[in-house]
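Peer 1: What shape does this take:
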Amino acid sequence: MKKALSQRVATVPPSGIRKFFDIAATMKDVISLGIGEPDFVTPPAITRAGIEALERGETHYTSNSGIAELRQAISDNIQRLYGVRYDPETEILITVGVSEALHLAFASTINPGDEVIIPTPCFVAYAPAVIFADGRPVTLCTHVENDFQVSAGDIAQKITPRTKALLLGYPNNPTGAVMSRERLLDIARLAEERDLLVISDEIYDRLVYGVEHTCFASLPGMKERTILLQGFSKAYAMTGWRLGYAAGPAEIIGGMRKMHQYIIMSAPTPAQFAGLEALRSGEPDVQRMREEYDRRRKVVVAGLNQIGLTCFEPRGAFYAFPSIRASGMTSDEFANRLLQEERVALIPGTAFGACGEGFVRISYATAMEKIEEALLRMRRFMQRHG
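Peer 2: As a prediction, this is how the structure comes out:
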């Protein structure tokens, strides 16, 4: 049993996010600005829909694809928001969170050795998902000078004969960056010219501030080559319900469904009915939560800049990604010392790729009073170390 683990599993390190959660959990009086989930509870009408589904006996498997009503509601919602129409029978698959959709997307399209270009900093699961599918992640640095947006020219330089796909994650975790429509149009033209599959993770699409989100599949010719990953966790405060979906070409969704039926069978049934209610009545809740995130965003960005942690303006998700270069520390050292000295937990930028060095991720998905206290503690810290 000396080599029980596969090489691809053994070579992937544990999540850099989880490390700091585990340390913070052993300490008292810690303010966590690290967790990437809404601090709001699921809106009552959505919760009630899940409870009522249980009470009327909706405790059995659904179709592998998910309940028909939910798929139809998702199709209608995407068309309403972005003008793209997906066939709910063949082009939409309900998954256990977007995490399952991400893994299915790669496992059903990547052959051993295929390369996937991934702009970084990025969500910690992207590169491992490619590796677990026997592919090769090819990382591409984005920079604060360009508001952490990736360009078609940068992507083109990374393309080789083995390149199969491009993974886009915007609005971005960890930076809060939002891609402009013009840059996405350039990338769409490149994808068509070089015959690239595009996996577009748009889980934060409803959480944008002062800008419009562009759905990549809505761009000319892109629906046919895009796997759109989406879900309910962020906009509807439903992280624990584990409900996501993928939308894309029927052939690809069919392959993903085949894997899904062997691995999962179907997403949790009560959660699917809750998701249906979210799409039917949850828009006022989305607006309410987004307004509160925006209020916190402004306080966080202004506060960070005032204490010398230069921060570009994030326009999406609920993260800020300030530079910590004024401290003279590495990202990991800064996060560790801030936690030990001031009991504020955040995530070093390197957890999201090597290009995150010199930055830390701060989540403002926490109560305003905690944010304000954390900024006071960080001010003390920078007065000693800035």
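Peer 1: For Leu104, which residues are in contact?
Peer 2: Contacts for Leu104 (C-beta atoms under 8 Å, 6 or more residues apart in numbering) come out as 93, 95, 246, 256, 259-260. In this view, the C-beta of every residue, glycine as well, is placed from N, C-alpha and C.
Peer 1: Which two among those are spaced furthest apart?
Peer 2: Ala246 and Met259 (11.2 Å; C-beta to C-beta).
Peer 1: Neighbour count for the two, which is higher?
Peer 2: Ala246 (27 against 16; other C-beta atoms under 10 Å).
Peer 1: So the nearest residue to that one once chain neighbours are set aside, which state does it fall into?
Peer 2: Nearest residue to Ala246, sequence neighbours excluded (C-beta to C-beta, 6 or more residues apart in numbering): Ala101, at 4.2 Å. Three-state call for Ala101 (DSSP: H, G, I helix; E, B strand; the rest coil): helix.
Peer 1: Isn't Ala101 up against Tyr245?
Peer 2: Yes. The pair Ala101 / Tyr245 is scored as a contact, 6.5 Å apart, by C-beta atoms under 8 Å.
Peer 1: Give me the common contacts of the two.
Peer 2: The contact sets of Ala101 and Tyr245 overlap at 93, 95, 229-231 (C-beta under 8 Å, 6+ apart).
Peer 1: Those into a markdown table, with extra columns for distance to Ala274, secondary structure and neighbour count?
Peer 2: As requested, the shared contacts of Ala101 and Tyr245 are exported to a markdown table (distance: C-beta to C-beta, whole Å; DSSP: H, G, I helix; E, B strand; the rest coil; neighbours: other C-beta atoms under 10 Å):
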| residue | distance to Ala274 | secondary structure | neighbour count |
| --- | --- | --- | --- |
| Leu93 | 18 | strand | 29 |
| Thr95 | 15 | strand | 28 |
| Leu229 | 19 | strand | 26 |
| Gln230 | 16 | strand | 26 |
| Gly231 | 12 | strand | 27 |
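Peer 1: Next, format those as CSV and append distance to Pro112.
Peer 2: As requested, these are exported to CSV (distance: C-beta to C-beta, whole Å):
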residue, distance to Pro112
Leu93, 24
Thr95, 24
Leu229, 23
Gln230, 28
Gly231, 29
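Peer 1: Pick the one among those closest to Ala127.
Peer 2: Using C-beta to C-beta, Leu229 is the member of the shared contacts of Ala101 and Tyr245 that lies nearest Ala127, at 15.6 Å.
Peer 1: what residues are up against the closest one?
Peer 2: 98, 101-102, 105, 199-203, 244-246.
Peer 1: partner residues bridging it?
Peer 2: Assessed by DSSP bridges, Leu229 has beta-bridge partners Asp201, Ala246.
Peer 1: I'd like to know which elements the longest helix seen in the chain is packed against.
Peer 2: Taking DSSP state H as the criterion, the chain has its longest helix at helix 283-306. Helices and strands touching helix 283-306, by 3 or more C-beta pairs under 8 Å, 6 or more residues apart in numbering; DSSP states H and E, are strand 319-320, helix 368-385.
Peer 1: what's the angle between the longest one and helix 283-306?
Peer 2: Helix 368-385 and helix 283-306 meet at an angle of 20 degrees, taking axes from the mean of the first three to the mean of the last three C-alpha atoms, to 10 degrees as the criterion.
Peer 1: Need the contact partners of helix 368-385.
Peer 2: Against helix 368-385 from outside (C-beta under 8 Å, 6+ apart): 31, 33, 295-296, 299-300, 303-304, 306-309, 326-329, 337-338, 341-344, 364.
Peer 1: Put the alpha carbons of stretch 216-225 into CSV.
Peer 2: In CSV, the C-alpha atoms belonging to stretch 216-225 read as follows (Å, rounded to 0.1, in the frame of the first residue of the first chain):
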residue,chain,number,x,y,z
PHE,A,216,-19.9,34.9,-22.3
ALA,A,217,-22.3,32.6,-24.1
SER,A,218,-24.3,35.6,-25.2
LEU,A,219,-21.5,36.8,-27.4
PRO,A,220,-21.8,36.1,-31.2
GLY,A,221,-21.1,32.4,-31.9
MET,A,222,-20.1,31.6,-28.3
LYS,A,223,-23.1,29.6,-27.2
GLU,A,224,-21.9,26.7,-29.3
ARG,A,225,-18.5,26.5,-27.7
